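> predicted model and sequence below, questions to follow.
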Amino acid sequence: MSKFFVTTPIYYVNDAPHIGHAYTTILADVLGRYHRAAGDEVFFLTGLDEHGQKVKQAAEKRGATPQAHCDDLVPRFLNLWKRLDIRYDDFVRTTQERHKKIVQLVLQKVHENGDIYTDEYEGWYSVAEERFITEAEYESGQFRDVKKLKEKNYFFKMSKYQHRLIEYIEQHPDFIRPEHRKNEMLGFLRQPLGDLCISRPKARMDWGIEIPFDRDYVTYVWFDALVNYISIPGYGSDEEKFKKWWPADVHLIGKDILTTHSIYWTTMLFSLGLPLPGTIFAHGWWLIGETKMSKSLGNVVNPLDLINTYGVDAVRYYLMREMVLGLDANFTPDSFIKCFNSDLANDFGNLLNRVSGLIQKNHGGKIPEPGAVTEHESLIQMNANVLPGSVKLLISQFKVQEALMETLLFVQSLNKYMEIQAPWKLAKTDMKAANRVLYTAAEGLRIATIMLAPVMPEKTAAVLSILGAEDTKPVWGQLRPGTPLKSHPPLFPRIEVEKA
RNA sequence: CGCGGGGUGGAGCAGCCCGGUAGCUCACCAGGCUCAUAACCUGGGGGUCGCAGGUUCAAAUCCUGCCCCCGCAACCA
């Protein structure tokens, strides 16, 4: 038994949660649940990023304080995670005192290490983007609200750690994944690395965490948001807890924030003298049809709509099953329905109906005795006993999609087994054989169900309850003969679409 | 010549590192079964593996050149 510490990014409160947020969070939840099932102790951290200019502006627009504004928006995320069955262990808000004081501690330490200095910068500043833009960007004319600004700010000596970071990435092949993202970062690091501006004068933007050694400034996103990964597991406040959990096993992120994590964050950790996370895993984006999801295109998919239409488990399954690790995936209602019907309705749900229907009809609704097994049953048993190991291995490599395919393959083999053995015929001639087949199918189904539980917690709990097998382990033979089956409606009723 | 990834049956992907019958899921066609959610099972059609050369007994796989698509190049999961 070991520990597993998984994080999602902390999401910016101003965005309404969309399918991308839901995906990352479900992925973290699924990994966490698989690890828990395997006996690991899990810490799953997610949360919200509440500081910054945009929050302040939005609050002012409503005539509210930034804090009140955030407080109002937080439930949108919390409710969605609840609806999505997200079992996080802690939920950080960057405005919480427990986080803010650690951010200040971190700044102080990095400062004492000599990695923070001040510099004056003059350039074009985009109010909309909250950042200085380059001369080339200014000339492109694509930025509105631009003004010339000269400002003193604090900088973090990121450049100091460039060489060390390159070495680290090269020596730890699993540090940045998938591999092409690692190459991307190494490519990025071939150019000289600049230092990182980490402050904002309060005069311009005061909705942030005060810099401990200069009260006229607040710190800016990176030293605020990223630090949540250590502030919450106890850095600077609970050494025992921190020692237990840090370094994180995996930071799950979208590909858009790869640089901030693999370069900014890691150099910050270098400066603090802390070990780096085991893996930074950058997944792809959900494209809507063929195009990127964007507010201006009006094609943002709201996860709540999906849940209302198809159910939580189906949404979780679809998102996990459809996205190949690291690549972009297309979301379309059509692909959702196909996935739902073929995997969940036809293969998995239908197997339950076949098995429970036959046991109901021919065996008085009680799990039959397995009796003496033949080679057919031995083969199923063997595959069932191998499955948990394969799934565990795939999950340790973040190959959730393949783990699901592996499990569904086993479900399909059970349907095939049923077809060949035809227990509905055997029931008329050889009841012992019929018993054996139905026990085997039901037991196989039980194990497949347990393997799917991290992805579909609700429906799999229902199946295990039907089988009278709550709290059983994925080991052959735990289904008890004589247990009465509960009656049930179809698990995943097929989605019928009118053909055009 | 900025760096990197990729181009495999209608769709989405695997295989390429370590050359040797081109595989998976979905869709399509035919048959079987009829326990089940018109679901399940079997068989089948469909691919010059981006293009052109080279190495080799043998290339999707190695080498060279070219074409095309995509990602990254400091704040969208």
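Right, received. Where do you want to start?
> for the stretch 1-150 of chain A, give me the ranges with low pLDDT.
Residue ranges of the stretch 1-150 of chain A with pLDDT under 70: A:1, A:15, A:126-145.
> same question, chain A
Using pLDDT under 70, chain A drops low at A:1, A:15, A:126-145, A:289-300, A:497-500.
> tell me who's in contact with whatever residue of chain A ends up closest to RNA strand B.
Residue nearest to RNA strand B within chain A: residue A:349 (1.7 Å; C-beta to the nearest atom of the strand). The way it works is simple: take the backbone N, C-alpha and C, and place the C-beta from them, glycine included. Residues near residue A:349 by C-beta atoms under 8 Å, 6 or more residues apart in numbering: A:490, A:491, A:492, A:493.
> what number of residues are in the vicinity of residue A:428?
9 (other C-beta atoms under 10 Å).
> same check, this time on residue A:157
A count of nearby residues for residue A:157, using other C-beta under 10 Å, gives 17.
> what's the separation between it and residue A:186?
Residue A:157 sits 21 Å away from residue A:186, going by C-beta to C-beta, to the nearest Å.
> so how far is stretch A:234-252 off the chain centroid?
Between the centre of stretch A:234-252 and the centre of its chain there are 19 Å (C-alpha atoms, centre = their mean, to the nearest Å).
> span of it from start to end?
Its first and final residues considered, stretch A:234-252 spans 20 Å by C-alpha to C-alpha, to the nearest Å.
> for it, which residues meet the burial criterion?
Using 16 or more other C-beta atoms under 10 Å as the test for burial, stretch A:234-252 gives A:234, A:235, A:236, A:242, A:245, A:246, A:247, A:248, A:249, A:250, A:251, A:252.
> same check on stretch A:88-105?
Neighbour-count burial for stretch A:88-105, counted by 16+ other C-beta under 10 Å, picks out A:88, A:91-96, A:99-100, A:102-105.
> from the residues you listed, which land in helices?
A:99, A:100, A:102, A:103, A:104, A:105 (DSSP state H).
> alpha carbons only: can I get stretch A:65-75 in PDB?
Extracted in PDB, the C-alpha atoms of stretch A:65-75 (Å, rounded to 0.1, in the frame of the first residue of the first chain):
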ATOM      1  CA  THR A  65     -16.700  43.200  -3.200                       C
ATOM      2  CA  PRO A  66     -14.400  40.700  -4.900                       C
ATOM      3  CA  GLN A  67     -14.700  38.300  -2.000                       C
ATOM      4  CA  ALA A  68     -18.500  38.400  -2.100                       C
ATOM      5  CA  HIS A  69     -18.400  37.900  -5.800                       C
ATOM      6  CA  CYS A  70     -16.300  34.800  -5.400                       C
ATOM      7  CA  ASP A  71     -18.500  33.500  -2.600                       C
ATOM      8  CA  ASP A  72     -21.400  33.700  -5.000                       C
ATOM      9  CA  LEU A  73     -19.700  31.900  -7.800                       C
ATOM     10  CA  VAL A  74     -18.100  29.000  -5.800                       C
ATOM     11  CA  PRO A  75     -21.300  27.000  -5.500                       C
END
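> so is it next to RNA strand B?
No: judged by C-beta under 7 Å from any atom of the strand, stretch A:65-75 and RNA strand B are separated, with a smallest distance of 13.1 Å.
> residue numbers of the stretch 101-250 of chain A in contact with RNA strand B?
Going by C-beta under 7 Å from any atom of the strand, the residues of the stretch 101-250 of chain A near RNA strand B are A:130-131, A:158, A:180, A:183-184, A:186-188, A:190-191, A:193-194, A:196-197, A:220-221.
> so which bits of the stretch 351-500 of chain A are right by RNA strand B?
So the stretch 351-500 of chain A meets RNA strand B at A:352-354, A:357-358, A:361, A:405, A:409, A:412, A:415-416, A:418-420, A:422, A:424-425, A:490-494 (C-beta under 7 Å from any atom of the strand).
> any quick ChimeraX command for the buried ones out of those?
Selection command for ChimeraX covering only the buried members of these, criterion 16+ other C-beta under 10 Å:
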select /A:352,354,358,412,415,418,424,491,492
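> out of the residues of the stretch 351-500 of chain A next to RNA strand B, which sit inside helices?
Short answer: these in helices (DSSP H) are A:352-354, A:357-358, A:361, A:405, A:409, A:412, A:415-416, A:418-420, A:424-425.
> the strands in the stretch 51-200 of chain A, which residues?
Under the criterion DSSP state E, counting those that start in this stretch, the stretch 51-200 of chain A contains strands at A:90-93, A:116-126, A:131-133, A:146-156, A:176-177, A:196-197, A:199-201.
> need the contact list for residue A:398.
Contacts of residue A:398 (C-beta under 8 Å, 6+ apart): A:31, A:177, A:250, A:279, A:281, A:325.
> quick check: beta-bridge partners of the fifth one?
By that I understand residue A:281. Note on residue A:281: beta-bridge partners by DSSP bridges are residue A:177, residue A:252.
> what are the ranges of the helices in the stretch 351-500 of chain A?
Per DSSP state H, counting those that start in this stretch, the stretch 351-500 of chain A carries helices over the ranges A:375-396, A:400-421, A:423-429, A:431-452, A:457-466.
> pick the most buried one from those helices.
Neighbour counts (mean count of other C-beta atoms under 10 Å) averaged over each of those peak at helix A:431-452, with a mean of 24.
> thought residue A:478 was touching residue A:472?
Yes: using C-beta atoms under 8 Å, residue A:478 makes contact with residue A:472 at a distance of 4.3 Å.
> neighbour count: these two, which is higher?
Set residue A:478 next to residue A:472 and count neighbours by other C-beta under 10 Å: residue A:472 wins out with 18 against 14.
> can I assume that one is in contact with residue A:464?
Yes: Residue A:472 is within contact range of residue A:464, at 7.1 Å (criterion: C-beta under 8 Å).
> what is in contact with those two at once?
Residues within reach of residue A:472 and of residue A:464 at once, by C-beta under 8 Å, 6+ apart, are A:446, A:450.
> nearest spatial neighbour of residue A:216, chain-adjacent residues omitted?
Distance criterion C-beta to C-beta, 6 or more residues apart in numbering; nearest residue to residue A:216, sequence neighbours excluded, is residue A:202 at 5.6 Å.
> give the residue farthest from the middle of chain A.
Centroid-distance maximum for chain A: residue A:429 at 50.9 Å, with C-alpha atoms, centre = their mean.
> residues in contact with it?
No contacts exist for residue A:429 under C-beta under 8 Å, 6+ apart.
> where do the helices sit along the stretch 151-300 of chain A?
A:162-171, A:179-188, A:221, A:228-231, A:239-245, A:258-259, A:266-272.
> and of those helices, who's closest to residue A:376?
Nearest to residue A:376 among the helices of the stretch 151-300 of chain A is helix A:179-188 (41.3 Å), distances taken as C-beta to C-beta.
> quick one: the residue of chain A closest to RNA strand B and residue A:418, what's the gap?
Distance from residue A:349 to residue A:418, by C-beta to C-beta: 14 Å.
> so residue A:209 makes contact with residue A:100?
Yes: because the distance of 5.1 Å satisfies C-beta under 8 Å, residue A:209 is recorded as touching residue A:100.
> what touches both of those two?
In contact with both residue A:209 and residue A:100: residue A:94, using C-beta under 8 Å, 6+ apart.
> contact partners for residue A:88?
Contacts of residue A:88 by C-beta under 8 Å, 6+ apart are A:25, A:28, A:29, A:44, A:45, A:46, A:81.
> tell me which entries of those residues lie within strands.
Members of the contacts of residue A:88 lying in strands (criterion: DSSP state E): A:44, A:45, A:46.
> of those residues, which is the most crowded?
Busiest of the ones in strands among the contacts of residue A:88 [other C-beta under 10 Å] is residue A:46, holding 26 neighbours.
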